[in-house]
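Trainee: got a predicted model here, sequence first, then my questions.
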Amino acid sequence: MAGIDRNTAGSIDLQGYDEVMKRLSGLEQNVNRRLAYQALRKASRILILAARQKIQSYSKTVAKSIAINYQSRHQVLVAVGPKKTKARDPWYAHFIEFGTSGIGRFKRKGRVRYRADQPARPFMRPAYDETQEQILEDFGKSVMEVIDKYVQKKNAS
């Protein structure tokens, strides 16, 4: 049902999308979007857990903050990554993922910190690379489960 386009960095190209859309064509537009979001949120849980496991030993603050941090209103899109909350501020997560190369001094909470040569310790990309096949499988299963639940609910009404 699904395939992967490895040329696009950080995205997944779903093959079989037309087949899923045929099944959804009888449903209302807002229901389509809601069902797709539910399936994406379920499938993204695998990526969240994998990324948390990879960064856990280095930064517990970043590990706890990894969640779904964006949903688009105009298209079915879910982004996973560190998310600022009242208790946690993972402002430095990108420094861990990509490292620093001559960035130098920066201020944080009134203190000047300096580390111009921090090596990259990627956690999101390796987690994505390791779980993308499983994400695709789970997304397909989740879509079908969500559709079946919706149809059963509609038929029961």
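Mentor: Yep, that arrived. Numbers count the residues shown, from 1 in each chain.

Trainee: quick one: average pLDDT of stretch 101-119?
Mentor: Stretch 101-119 comes out with an average pLDDT of 63.

Trainee: how long is it end to end?
Mentor: Taking CA to CA, to the nearest Å, the first and last residues of stretch 101-119 lie 8 Å apart.

Trainee: also stretch 82-95?
Mentor: Terminal residues of stretch 82-95 lie 12 Å apart, using CA to CA.

Trainee: give me the distance from that stretch to the chain's centre.
Mentor: Centre-to-centre, stretch 82-95 and its host chain are 15 Å apart (CA atoms, centre = their mean, to the nearest Å).

Trainee: list the buried residues in that stretch.
Mentor: P82, K83, D89, P90, Y92, A93 (16 or more other CB atoms under 10 Å). Quick note: C-beta positions are derived from backbone N, CA and C, even for glycine.

Trainee: then the fourth one would be within a strand, right?
Mentor: When you say that, I think you mean P90. No - counting by DSSP: H, G, I helix; E, B strand; the rest coil, P90 is not found in a strand; it is coil.

Trainee: distance of K42 relative to A36?
Mentor: 11 Å (CB to CB, to the nearest Å).

Trainee: which one of those two has more residues nearby?
Mentor: A36 (21 against 17; other CB atoms under 10 Å).

Trainee: so who does that one touch?
Mentor: V76, V143 (CB atoms under 8 Å, 6 or more residues apart in numbering).

Trainee: now it: which helix or strand?
Mentor: helix 29-55 (DSSP states H and E).

Trainee: and the residue lying closest to V143 once chain neighbours are set aside, how many neighbours?
Mentor: Leaving out its chain neighbours, the residue that sits closest to V143 by CB to CB, 6 or more residues apart in numbering is A39, at 4.4 Å. The local packing of A39 (other CB under 10 Å) involves 23 other residues.

Trainee: before we move on, what about I55?
Mentor: 26.

Trainee: what of H74?
Mentor: Residues near H74, counting by other CB under 10 Å: 5.

Trainee: now it, what's its secondary structure?
Mentor: Per three-state DSSP, H74 ends up coil.

Trainee: so how far is R34 from it?
Mentor: Distance from H74 to R34, by CB to CB: 15 Å.
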